[in-house]
Every structure is written in structure tokens, then in C-alpha cells.
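Q: Turn this into a model:
(chains A and B)
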2 protein chains.
Amino acid sequence: MGSSAIPPLSTIFLLELFLIMILYLIYLFQVQHTEIEVSLNSFRSEKQYQHKILWKMLMKRVVSSFIPSLGFSSLSASMVKSGDVLKQVRIFSSSDVLEYSKLSHDLNPLHFDIESAQNAGFEDRLVHGMLIASLFPRIIASHFPGAVYVSQSLQFRSPVYIGEEVIGEVQATNIREIKNKYIAKFKTKCFKHGDHLVVEGEATAILPTLAMEQGQSTG
Amino acid sequence: MGSSAIPPLSTIFLLELFLIMILYLIYLFQVQHTEIEVSLNSFRSEKQYQHKILWKMLMKRVVSSFIPSLGFSSLSASMVKSGDVLKQVRIFSSSDVLEYSKLSHDLNPLHFDIESAQNAGFEDRLVHGMLIASLFPRIIASHFPGAVYVSQSLQFRSPVYIGEEVIGEVQATNIREIKNKYIAKFKTKCFKHGDHLVVEGEATAILPTLAMEQGQSTG
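A: This is a model prediction of the structure:
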């Protein structure tokens, strides 16, 4: 009774499943590849790097446009709501701190000279506060590409030394819709040694959508 | 009448003057040299760069310890007081934005993809807000090496596009002495096109001294 119509449907399903797996593997490879190359600083050519990022964004779009249409709810984007917490882990290396000082032209000896750092009452060379704070817009942008940063407050509670693992946390506290966009407020915190608060504050960002993309949790 | 005692004194004076000029020229050469190399990103070796910064700091110390002892008041450090404004100019290039994104792992398309930027209502690719904000601790640290950043609030009022000249301004509003150190509050503002406000906020920093060093005004 109509059972002859089932085989073609299951063939299409298997074909789609296969296609998704291939695309997902390519996507994962791209993400990993980009992350590794970013952290190794192996891109000397600006154009090459820009091309890589645009290619990664394209792959993300292709994958995310395929997955929701097939109802993979565990892989598809979920919607952010008040109370949601997004986290990312980071260790700032000596070379990160030097690169940041070159870029910002900030030559404060606390970041280079252990003696100056110790004279100021610290144990070791400090990571620049603004470099630690870069975790917050990064977490927001990795889940909401195209998010526009509106404000950020920062209280630097404790020093972060080079090589220490920090966890950045962003918690949505209020979301309002205005003209098809969303103004979201976040509590922003950064911890070391598990639960030792080092930076706290609040951020506001305009999100183009409430649908969250899968951001990288480490790097 | 003791006139035979004068020639040696003037000889010592001339000798000291000569020594100061030599040291000052070496210092100027070091500062310029470091600035140029920093902006050209020509240091590939971390150790080499770190060594350069420490050498520059040492030269600064040598020069500043010589100059005040000889009463060159126009060259010696002045003391910061409430109302004082410190300014620095900066243009963030496309390569600065790419370097910052590598460092922060912030891959928000607004910084790379002109189409994404225009879809979000902007004219061109944006400079990361936190990169613009790096001007404030840089201005403070360049006048007060060893300053410790305590807090910063940031309101991003207008976009800054790649290649636009911005002026960072830091105005001391309140200075208190606590345990031989100074807690200073600053109004922090950033302008483009002369007087168009792009970022504003407040910062608090612990200064090791109120004596200001000569910071670079551009870069």
C-alpha cells in the first residue's frame, strides 16, 4: 500500500546526509586550519589572510544554510535569551603581549620588564588589560557575526600574568528588539584559576539576529 | 681675586654640556629608531624586540637622570595636575586591523568584508572598538611608565573606518595620593575629522609618580 514510494525518499535522505557530512568535515577543517594558522601567526601576507577569513565565512554560511533545512536541531543555531552564558578560554603568551604592544604602541614596562612589574607590586609581567578585554567582543562576534559594539565598562580587579589561562564569560541580561535588530546587554567577566575574578564589567551590542552560531570555545 | 678658579668650572660645564648633547642625540636616535621599526613591524624576533624596548627604557632613564641635575627645566619632567590634557594621533591601517584580529581571534566580518559592513549600515570596514580604545592606556603609559590600569568605560558613538585619522585625548579630572602612589581619574575621548566624537568614557589608573615623561604625540 504505497510502500514502493519509500525507497527513493530514503535514498535522497542518505544522499543529503552524505552531502552534509562532507560539508561539515570541510567546515571543521577550515575552522581548525584557520585557528591554527592564526595562532601560529604564519600569515605574512595580508591578502592571503583576508582571503582565508572570507573563505571561512563563506563555508560557515553554506553549512548553516544546509543544516537547518534538514532539521538537525542539535547542530542548527539556537536563539540567545536572557540568562544565557557564553564562555571562551584563552592563554596570552609572551609573544601575544609583544605583538599587542607593537600594534597599540603601548610600551609600558610592566609588560616587558619583570623588575618594573615587581617594583609595582606584581609577581610577573602583566598582560595588557585591553588585550584581556578583547575576549568579550570576540565571544560576542564569534556567536553573532556582524554584531556592532556599543559600549563596554571594565574594572581590572586582579593582574593577569603572561601564560595564565583565563576564561572569558559573557551573560545576556537584557535583549530588546528595535527595527529588526536587537540591542543586547551583557555582564562580562573574566576569571583565572577557575573562579578568581580578574576583569568585570558590562557590554552592549547590536545583534543582527538572535540566532547563535557555534563559536570556538578555546584558542 | 679667585679668577683662576673659574676656567676649570667652565671647562667642566662645557664637558657636561657636550656629554648631555651626545646622550640626548643617542636617545633621540633610539626613540626614532624604535618608533619606525615598531610601525614598520620589521621585528620578527621576539627577543630582539624585547631587547630594543629595554634598551630604549634604559636610555630614557640615563638621559632623564642627567638632565634635571643640570637644571634644564625646559627638558625636565613637569607634574600632571587636574585639567591637563594629553593627546596622541593615530591612523589604523588595514594591516593593523588584520594584525589585531589575528591577535584577538576576533573574526567579526565588519572588519574584513565591506559588504557585511555596508549591510550593517556602515560606509566601509570598521576598526575594532577595543583597538581604538588602546589609545587611552597608551597615552597614559607613554607619560607615566609603570602606570597600572584600574578601570575604563567606553561608549562607541561613531564608527572609525580603516585609514581615518583619530585623536585620542586623556584629561586628568581628579588626582589623589595614597601610600606614595597616585590614583588618577581621566576623561577619555577620541575624535575624528577634528572634533567629531567617536569614543568617550572614563579611565582610572595608579601612577607611580606625578612627573610626566615626554610621550610621543604621533605614531
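Q: where does chain A have low pLDDT?
A: A:1-9, A:26-49, A:57, A:60-77, A:215-219 (pLDDT under 70).
Q: how about the helices in it?
A: Listed from the start of the chain, chain A has helices (DSSP state H) covering A:6-40, A:46-66, A:94-104, A:114-119, A:129-133, A:135-143.
Q: Alpha carbons only: can I get the last one in PDB?
A: Coordinates of the C-alpha atoms in helix A:135-143 are reproduced here as PDB (Å, rounded to 0.1, in the frame of the first residue of the first chain):
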ATOM      1  CA  LEU A 135      37.900  38.400  24.800                       C
ATOM      2  CA  PHE A 136      34.400  40.000  25.300                       C
ATOM      3  CA  PRO A 137      33.800  41.400  21.700                       C
ATOM      4  CA  ARG A 138      35.500  38.200  20.400                       C
ATOM      5  CA  ILE A 139      33.000  35.900  22.200                       C
ATOM      6  CA  ILE A 140      30.000  38.000  21.100                       C
ATOM      7  CA  ALA A 141      31.200  38.300  17.400                       C
ATOM      8  CA  SER A 142      32.000  34.600  17.200                       C
ATOM      9  CA  HIS A 143      28.400  33.800  18.000                       C
END
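Q: who does that helix touch, helix- and strand-wise?
A: The criterion is 3 or more Cβ pairs under 8 Å, 6 or more residues apart in numbering or on different chains; DSSP states H and E, and the helices and strands that helix A:135-143 contacts are strand A:85-91, strand A:148-156, strand A:165-178, strand A:181-192, strand A:196-207, helix B:94-104. To be clear about C-beta, it is placed using only N, CA and C from the backbone, and glycine gets the same treatment.
Q: go again using 6 Å as the cut-off
A: When contacts are defined as 3 or more Cβ pairs under 6 Å, 6 or more residues apart in numbering or on different chains; DSSP states H and E, helix A:135-143 packs onto strand A:85-91, strand A:165-178.
Q: Using a markdown table, lay out the ones you listed together with mean neighbour count and distance to chain B.
A: Listed next are the helices and strands packed on helix A:135-143 as a markdown table, based on neighbours: other Cβ atoms under 10 Å in any protein chain shown; distance: least, Cβ to the nearest Cβ, whole Å:
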| stretch | mean neighbour count | distance to chain B |
| --- | --- | --- |
| strand A:85-91 | 17 | 8 |
| strand A:165-178 | 16 | 11 |
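Q: Need those in TSV (columns: distance to B:N180).
A: What follows is the helices and strands packed on helix A:135-143, written out as TSV (distance: least, Cβ to Cβ, whole Å):
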stretch	distance to B:N180
strand A:85-91	34
strand A:165-178	31
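Q: Looking at the ones you listed, spot the one closest to A:A203.
A: For A:A203, the closest of the helices and strands packed on helix A:135-143 is strand A:165-178, at 7.1 Å, according to Cβ to Cβ.
Q: partners of the closest one, with directions?
A: Paired with strand A:165-178 in the same sheet, following DSSP bridges, are strand A:85-91 (antiparallel), strand A:181-192 (antiparallel).
Q: can I assume A:Q171 is in contact with A:V85?
A: Yes: applying Cβ atoms under 6 Å, one finds A:Q171 in contact with A:V85, separated by 4.7 Å.
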